[in-house]
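Trainee: need a 3D model of the following:
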Amino acid sequence: MAYVVCEPCHDCKYTDCVVVCPMECFYEDGSMLYIDPVNCIDCEACVPECPVEAIYHETNVPPLWAHFVALNAERSAALIASGKGHIREKQEPKEGIGCKRRA
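Mentor: Numbering: from 1, shown residues only. A predicted model of the protein is given here:
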């Protein structure tokens with residue numbers, strides 16, 4: 001089991017979640033962040049840190065976003081294989097047009 005980054009992160013990358021991950025499971029591309037399900041230990045530390053509420057346990061992903069479970073696995077594996085996209089430190093947020101930060 002693992003946590004999954006879903007739609008609210010697309011074009012709205014905040015990296016607050018990255019710094020609390022004890023396993024350094026986060027990867028990024030130009031669109032969003034992804035969690036590597038192989039190394040995720042289900043600690044849930046990232047969930048309250050996400051200001052757009054984009055992170056869900058894979059068993060609780062809203063049905064509309066179910067495809068993000070596979071997407072996180074595929075994209076993180078591809079980024080690991082390429083040696084790119086591993087993110088361990090907080091960065092300036094990318095706030096796209098649809099970005100809605102919770103109050």
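Trainee: roughly how far does residue 2 sit from residue 96?
Mentor: 25 Å (C-beta to C-beta, to the nearest Å). All C-beta spots, glycine's among them, are computed from the backbone N, C-alpha and C.
Trainee: quickly find the element holding residue 71.
Mentor: helix 67-82 (DSSP states H and E).
Trainee: partner strands of the helix or strand just after that helix, parallel or antiparallel?
Mentor: Later in the chain than helix 67-82, the nearest helix or strand by DSSP H and E is strand 94-95. Within its sheet, strand 94-95 is paired with strand 12-13 (antiparallel), according to DSSP bridges.
Trainee: next, the buried residues of the helix or strand immediately after the partner strand in the chain.
Mentor: As assigned by DSSP H and E, the chain's next helix or strand after strand 12-13 is strand 26-28. If you call a residue buried by 16 or more other C-beta atoms under 10 Å, then strand 26-28 has these buried ones: 26-28.
Trainee: which one of residue 2 and residue 96 has more residues nearby?
Mentor: Between residue 2 and residue 96, counted using other C-beta atoms under 10 Å, residue 2 has the larger neighbour count: 19 against 13.
Trainee: name the helix or strand of this structure that has the lowest mean pLDDT.
Mentor: Lowest mean confidence among the helices and strands of the chain (mean pLDDT, DSSP states H and E): strand 94-95, at a mean of 85.
Trainee: where in this structure is pLDDT low?
Mentor: Along the chain, the model assigns pLDDT under 70 to residues 102-103.
Trainee: residues in contact with residue 18?
Mentor: Residue 18 makes contacts with 26, 33, 46, 87-90, as judged by C-beta atoms under 8 Å, 6 or more residues apart in numbering.
Trainee: and which of the residues you listed is nearest to residue 59?
Mentor: residue 46 (15.9 Å; C-beta to C-beta).
Trainee: need the contact list for the closest residue to that closest one other than its chain neighbours.
Mentor: Of all residues not flanking residue 46 in the chain, residue 17 sits nearest, at 3.9 Å (C-beta to C-beta, 6 or more residues apart in numbering). Residues in contact with residue 17, defined by C-beta under 8 Å, 6+ apart, are 26, 33, 46-47, 49-50, 55.
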